[in-house]
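> Sharing a model that was predicted from the sequence below.
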Amino acid sequence: MKTNKFLKALPVMAALLFPVACNQDLDIVNELQCEQVHLIPYKASVSTGIATRATLNDSGNYEFQSGDRLYVWGKDNYSEIYGELSTSGSGYEAEFSGTLYYIGEESHAKSLDLNAVIVSSNNQIFGSLDDFKANKYKPVYPNNIAPNDTVAVQSFSHFETTSRYEYQSFIFDHCQKTAFISFDITLEDGTAEGNPITVSISNGGSEVRSGSVTAVKEGNAIKAKFTAGFKGGYEVNGATVQLGTRDAIEFGGTSATTLAANGLYKVAKTYTRYKITASATLPDSYGGGEKSMSTSNIPMGYQPTLQDILYEMGPYAQVMGVYVQGCTRKSGTSVNVTDLGGNPHNYRFTVAGVGDSVFDMTVTNPLYPYDSSLDPTITVSVTINVSKMTPPEP
């Protein structure tokens, strides 16, 4: 009896269950229909009068290049649209065409506001359209640098404008949102043209940009030149740039500086290192002959001592150093001298400029005890030359 009652109840239960299942299926179908993606061919006339301080030409404006693209997007409460348009044209006006992906009622599309950014073939801040969309249509600035302003414009520019779908046109004007820092560093440290140089830019103690450039020759100068791009409004505070293992160079001042959108900030510095050469003619009683020593890649303010210099000149000069009695300036201002006293007597030389400085050093005459007719001391001239390091001849 129980079994029969259960079987009789099955049709009723099925009748209750099936409508629910069908409604669920219909809900899913309706949702998919609402999210249906329409592919819309789209053309737009695009012009640029962008006054950008880092430019591709001498006019101060941006010009379209063959291979430039536009990423286009728009969204409201009812629909969404996005896509990529391309051109083979160049100059200040070009036609872009492509396909837009549209979600929503087709009749509503024409009333949408459309945003657009210029994406060059060297673009590094937008990525692919999918990347840009995933980043909520915001640029992501990489850690890279560019070798010059032109490449920096192509790589890091954020040109953005707004139009209407139905207008089928975009005008880019005064819409550069990127700030640029252009570095021009003269290297007076023996670096040769063509040498690779690693670059590290830090802000507030943390590295923010890095890369590698090649030393170039401009006139008689060897330079490292490169450009970095930052989002407009970026704050620079305690910034430095370091080339290879050279000392870091400070830039940007001692207080915080906010980089304005479309700003082109110039950092022109000189990194100088010096070569110091000391030479002297030793008397016969101390071995005789021309002796010299040299040290390269030293900074201004370098401080060798007289005993250091004599030690580098060889064993005879080392022996002579034991008998130093005095040292006075004869000529020149490239090196300052300070009496340190001590035994043996010592002096500190401080590099203060470029050129020759000559010092008269007095030392004990080792022959005087054996011949009283001789002077008890001997004067030896020491010439110290300080010169900027120049690159080797090719």
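Good, I have the coordinates. Note that the structure is predicted; figures quoted are calculated from it, not measured. Residues are numbered from 1 along each chain as shown.

> which stretches of the chain have low pLDDT?
The model of the chain has pLDDT under 70 over residues 1-35, 50-60, 392-394.

> what about 50?
1-34 (pLDDT under 50).

> Let me see the domain layout of it.
37-172, 178-272, 274-388 (automatic domain parsing).

> can I get those in a markdown table with mean neighbour count?
Yep, even glycine has a C-beta here, placed from its N, CA and C like the rest. Formatted as a markdown table, the domains of the chain follow (neighbours: other C-beta atoms under 10 Å):
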| stretch | mean neighbour count |
| --- | --- |
| domain 37-172 | 17 |
| domain 178-272 | 17 |
| domain 274-388 | 16 |
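
> How about G98: which residues does it bridge to?
Going by DSSP bridges, G98 is paired in beta bridges with Y42, L85.

> Report the contact partners of it.
When contacts are counted by C-beta atoms under 8 Å, 6 or more residues apart in numbering, G98 is found next to 41-42, 69-70, 83-86.

> change it to 10 Å
40-44, 69-72, 83-87, 129 (C-beta atoms under 10 Å, 6 or more residues apart in numbering).

> do the same with W73
80-83, 100-101, 112-117, 129, 132-133, 136-137.

> Swap in 7 Å and give it another go.
81-82, 115, 137 (C-beta atoms under 7 Å, 6 or more residues apart in numbering).

> Over to T178?
Taking C-beta under 7 Å, 6+ apart, one finds 156-158, 229, 231-232, 261 in contact with T178.

> who's it bridged to?
Applying DSSP bridges, one finds that T178 bridges with K231.

> next one: the one 5 residues further on
Beta-bridge pairing for F183 (DSSP bridges): F226, V267.

> Give me the distance between it and T272.
16 Å (C-beta to C-beta, to the nearest Å).

> just Q242 next, same as before
15 Å.

> Against S86, how distant is A109?
Taking C-beta to C-beta, one finds A109 at 20 Å from S86.

> ok, for S97, nearest residue in space, not its chain neighbours?
K43 (4.4 Å; C-beta to C-beta, 6 or more residues apart in numbering).

> and N336, what element?
strand 335-341 (DSSP states H and E).

> Direction included, what does that strand pair against?
Paired strands of strand 335-341, with direction, are strand 346-351 (antiparallel) (DSSP bridges).

> Helix or strand next in line after the strand it pairs with, which one?
Assigned by DSSP H and E, the successor of strand 346-351 is strand 355-364.

> all helices in this structure, in order from the N-terminus.
2-34, 129-134, 149-156, 306-312, 315-321 (DSSP state H).

> chain center to stretch 121-137, what's the gap?
Per C-alpha atoms, centre = their mean, to the nearest Å, the displacement of stretch 121-137 from the mean C-alpha position of its chain is 22 Å.

> Straight-line length of that stretch, end to end?
By C-alpha to C-alpha, to the nearest Å, the extent of stretch 121-137 from end to end equals 18 Å.

> So which residues make contact with it?
Looking at what lies outside stretch 121-137 - C-beta under 7 Å, 6+ apart - the contacts are 67, 71, 73, 82, 84, 115, 117, 119, 139-142, 144, 151, 154-156, 158.

> Out of these, name the ones that lie in strands.
Using DSSP state E, the members of these that fall in strands are 71, 73, 82, 84, 115, 117, 119.

> want to throw those into TSV with distance to A224?
Output for the ones in strands among the contacts of stretch 121-137, formatted as TSV (distance: C-beta to C-beta, whole Å):
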residue	distance to A224
Y71	34
W73	39
Y82	41
E84	37
N115	38
V117	31
V119	29
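
> What is the nearest of those to T198?
V119 (28.9 Å; C-beta to C-beta).

> Quick one: residues contacting that closest one.
Residues counted as contacts of V119 (C-beta under 7 Å, 6+ apart) are 68-71, 126.

> Let me have the residues you listed in TSV, extended by distance to S163.
TSV is the format used below for the contacts of V119 (distance: C-beta to C-beta, whole Å):
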residue	distance to S163
D68	17
R69	16
L70	11
Y71	14
F126	19
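
> N343: which of those is nearest?
F126 (71.7 Å).

> Grab the nearest non-local neighbour of the closest one.
Per C-beta to C-beta, 6+ apart, closest to F126 is F132, 4.7 Å.

> same check, this time on Y311
Q318 (5.4 Å).

> can you check N237 too?
A256 (4.1 Å).

> V46 versus that neighbour, what's the distance?
Distance, A256 to V46, by C-beta to C-beta: 37 Å.

> Now that G355 has come up, it's in contact with S334, right?
Yes - the pair G355 and S334 passes the contact test of C-beta atoms under 7 Å, sitting 4.2 Å apart.

> Pull the contacting residues for G205.
G205 neighbours (C-beta under 7 Å, 6+ apart): G238.

> Check the gap between it and I249 for me.
15 Å.
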